[in-house]
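Participant: below is the sequence, then the predicted model.
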Amino acid sequence: MSEHNRIVHFGIGAFHRGHQAYYLHLLNQQLPENERWYYTEVNLREETRAIPEALKKQNGRFHFKRIAPNGDADFVEVTSIDRVEDASSNPSVIKTIFDDDKLKAITITVTEGGYYLTETNDLNLTHPEIVNDIKVVKSGKGKPKTLFGYLTLALLVRQTMTNGAITVATCDNLRDNGNRLEHAFGQFVEAAGPIDLMQWVSDNVTFPCSMVDRITPVPPADLAEEVERVVGQKDICPIMGEDFEQWVIETKFAAEFPPLDKVGVTFTDKVHAYEEAKIRILNGGHFGLSYIGALRGYKTYDENIRDGELNKLLKTYHQCEVIPTIYDRPFDLEQYRQVIVLRFSNTFIADSIERIAMDSISKFPQFILPTIKLNLERGYEPKAAMTLVSHWYCFLALYLSGRFPFNYKDPYLHIAEKWMEEPEPVKAFLADPDIWQGLNQRFPLFGEQLAGQIKQTLNDYQERYP
Ligand code: CS2
């Protein structure tokens, strides 16, 4: 058994380290040694092994450069991680990690695509990686590839314990994230059955929803050098991010949870309003401008904000289309928006458009589609959103035809490749149920207008990207 209370994290990336691990570090600074909490990091994917390997060499410690909009920065050595494991090479570590009475919670950041949801928010049971995991759970052999396989193995261990109750807290930018995970997880377990797990889960596991926020760019290559120069310590995996941070989490804990409210985390029953505002104003704004910015040749997101035309487009999108269709408003959304735009303009964090643009296929239905839908339902033509979407399509079309070189990453790229192979790609795009969830069938006029706008945008870029 561990000496301290413990949380496991699935999905070690820079964001998690700058967010949940940082918050836990702050909390530990206030607690006596015996009341502290520590993180066990569990890597799930082969392609993300580099960070855990580096982190392990430093016993989980790393430096975090926090940068204010005026460029002032501080360096924090984050010490809340003391164990790092790679389940992708050795899934049997799950047993030893989870068979621990001191372990009380799991936090998760596996990105939007890591939930394998269909347009009806069900688990995509035909996805090859999910099919693989079902087989692994059923046969007890092989390696899982997704969160679902690992979570099942973990909870099967917890089920055998007397005090196995555990909180499973997703921290991804998915609206209603806890409930969606719980629902999809139930479907996974059912498909991998017969295993007698769900009754135990419903009595002993909770899936709180949460909203998390900190812009965390990909760390630049010279950050390690800077850390050494400024702090005087070697660090092979430092991170950087803005000095803004927010974590709102639903008070729905199955077991003891670290008292993070002492360090600014909001515990509330009403997390959805925060989630909705953040996903649609911040993440939607990021999504929206990154493709136009990319096509204009910009490299970092703050360049978008300095481009008067794009700045105005974002303002119109936010003020005329997003904010009026957010109906539950526990705080001032215009003020919230202004703070976000200020954060967007931070030149010192130089958040790359490459980072923000990736994974667009799974982000669109989360970040943008609801705004379009709610506007059409109130009889308002969302012109700004149409401009954003037509540039997104144009970006993908030019990228896939090799006319626009870009370092684009998306595990769902095959979906866009399929549209482009059709005789009428724009039509195929607009009819795609995973993207539009039937919206263009409900509002055919909108679909037609958007098709026209896409053709216009493609024309506009014809000369620049021949
Ligand atoms: C970005 C987010 O990748 C994206 O879609 O919008 O990573 C964003 O920077 C964070 O959610 C900020 O909290």
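Facilitator: Okay, I see it.
Participant: can you give me the end-to-end distance of stretch 217-228?
Facilitator: The first and final residues of stretch 217-228 sit 20 Å from each other (CA to CA, to the nearest Å).
Participant: which outside residues touch that stretch?
Facilitator: The contact list for stretch 217-228, computed with CB atoms under 8 Å, 6 or more residues apart in numbering, reads 14, 63, 65, 75, 233-241, 349-352, 354-355. For glycine as for every other residue, the C-beta is placed from the backbone atoms N, C-alpha and C.
Participant: could you give the number of residues near the closest residue to the ligand within the stretch 151-300 of the chain?
Facilitator: With CB to the nearest ligand atom as the measure, residue 286 is the residue of the stretch 151-300 of the chain nearest to the ligand, at 3.5 Å. Using other CB atoms under 10 Å, residue 286 is surrounded by 23 other residues.
Participant: and for residue 316?
Facilitator: 16.
Participant: one step back: so which of the contacts of stretch 217-228 are also by the ligand?
Facilitator: Among the contacts of stretch 217-228, no residue lies close to the ligand (CB under 6 Å from any ligand atom).
Participant: returning to that earlier point: so who does the residue of the stretch 151-300 of the chain closest to the ligand touch?
Facilitator: By CB under 8 Å, 6+ apart, the neighbours of residue 286 are 301, 344, 356, 367.
Participant: taking those one by one, which sit in helices?
Facilitator: Using DSSP state H, the members of these that fall within helices are 301, 344, 356, 367.
Participant: helix or strand for residue 51, which one?
Facilitator: helix 50-57 (DSSP states H and E).
Participant: following element in sequence after that helix, please.
Facilitator: Scanning forward in sequence from helix 50-57 by DSSP H and E, the next helix or strand is strand 62-67.
Participant: so in that sheet, which strands flank the next helix or strand after that next one, and in what orientation?
Facilitator: Downstream of strand 62-67, the first helix or strand assigned by DSSP H and E is strand 73-78. Using DSSP bridges, strand 73-78 pairs in its sheet with strand 62-67 (antiparallel).
Participant: need the residues that contact the lowest-mean-pLDDT helix or strand in the chain.
Facilitator: Every helix and strand in the chain was compared by mean pLDDT, DSSP states H and E; the lowest is helix 433-436, with a mean of 92. With CB under 8 Å, 6+ apart as the test, helix 433-436 has contacts from 118-119, 361, 364-365, 369, 415, 429-430.
Participant: which bits of the stretch 201-350 of the chain sit near the ligand?
Facilitator: Proximity of the stretch 201-350 of the chain to the ligand (CB under 6 Å from any ligand atom) is limited to residues 213-215, 282-283, 286.
Participant: for the helix or strand just after the least confident helix or strand of the chain, list the C-alpha coordinates in PDB.
Facilitator: Next along the chain after helix 433-436, taking DSSP H and E as the criterion, comes helix 439-442. Provided in PDB are the C-alpha atoms of helix 439-442 (Å, rounded to 0.1, in the frame of the first residue of the first chain):
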ATOM      1  CA  LEU A 439     -28.400  19.000 -39.200                       C
ATOM      2  CA  ASN A 440     -28.200  19.700 -43.000                       C
ATOM      3  CA  GLN A 441     -31.100  17.400 -43.600                       C
ATOM      4  CA  ARG A 442     -33.100  19.400 -41.000                       C
END
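Participant: can you list the buried residues in helix 439-442?
Facilitator: Buried residues in helix 439-442, counted by 16 or more other CB atoms under 10 Å: 439-440.
Participant: what about the residue in the stretch 351-466 of the chain positioned nearest to the ligand, how many residues nearby?
Facilitator: Per CB to the nearest ligand atom, residue 356 is where the stretch 351-466 of the chain lies closest to the ligand, at 5.1 Å. If you count neighbours by other CB under 10 Å, residue 356 ends up with 24.
Participant: do I have it right that it meets residue 291?
Facilitator: No: taking contacts as CB atoms under 8 Å, residue 356 lies outside contact range of residue 291: 9.5 Å.
Participant: give me the buried positions along stretch 243-262.
Facilitator: With burial defined by 16+ other CB under 10 Å, the residues of stretch 243-262 counted as buried are 243-245, 247-250, 252-255, 257-258, 260.
Participant: in strands only, show me those.
Facilitator: 247-250 (DSSP state E).
Participant: what subset of the contacts of stretch 217-228 is buried?
Facilitator: Among the contacts of stretch 217-228, those that count as buried by neighbour count (16+ other CB under 10 Å) are 14, 63, 65, 75, 235, 237-241, 349-352, 354-355.
Participant: just these now: which is nearest residue 407?
Facilitator: Comparing the buried ones among the contacts of stretch 217-228 against residue 407 with CB to CB places residue 354 closest, at 5.3 Å.
Participant: torsion angles phi and psi at the closest one?
Facilitator: phi -60, psi -50 (degrees, to the nearest 10).
Participant: check contacts around it.
Facilitator: Per CB under 8 Å, 6+ apart, neighbours of residue 354: 218, 299, 406-408.
Participant: most neighbours, which of the residues you listed?
Facilitator: residue 408 (18 neighbours).
Participant: which non-adjacent residue is nearest that residue?
Facilitator: residue 399 (5.6 Å; CB to CB, 6 or more residues apart in numbering).
Participant: kindly report the same for residue 425.
Facilitator: Distances taken as CB to CB, 6+ apart place residue 419 nearest to residue 425, at 4.8 Å, with adjacent residues excluded.
Participant: chain center to the helix or strand encompassing the one you found: distance?
Facilitator: Following DSSP H and E, one finds residue 419 within helix 413-421. Chain-centre distance of helix 413-421: 23 Å, with CA atoms, centre = their mean, to the nearest Å.
Participant: could you verify my assumption that residue 174 touches residue 115?
Facilitator: Yes: judged on CB under 8 Å, residue 174 makes contact with residue 115 at a distance of 6.3 Å.
Participant: is whatever residue of the stretch 1-150 of the chain ends up closest to the ligand part of a helix or strand, or is it coil?
Facilitator: The stretch 1-150 of the chain approaches the ligand most closely through residue 15 (6.5 Å), counting by CB to the nearest ligand atom. Three-state call for residue 15 (DSSP: H, G, I helix; E, B strand; the rest coil): helix.
Participant: try the one 10 residues further on
Facilitator: Secondary structure state of residue 25, per three-state DSSP, is helix.
Participant: please name the residues that touch the residue nearest to it when sequence neighbours are not counted.
Facilitator: Nearest residue to residue 25, sequence neighbours excluded (CB to CB, 6+ apart): residue 80, at 4.1 Å. Going by CB under 8 Å, 6+ apart, residue 80 touches 21-22, 24-25, 27-28, 37-39, 60.
Participant: gap between residue 80 and residue 211?
Facilitator: 21 Å (CB to CB, to the nearest Å).
Participant: fine, thanks again, bye for now.
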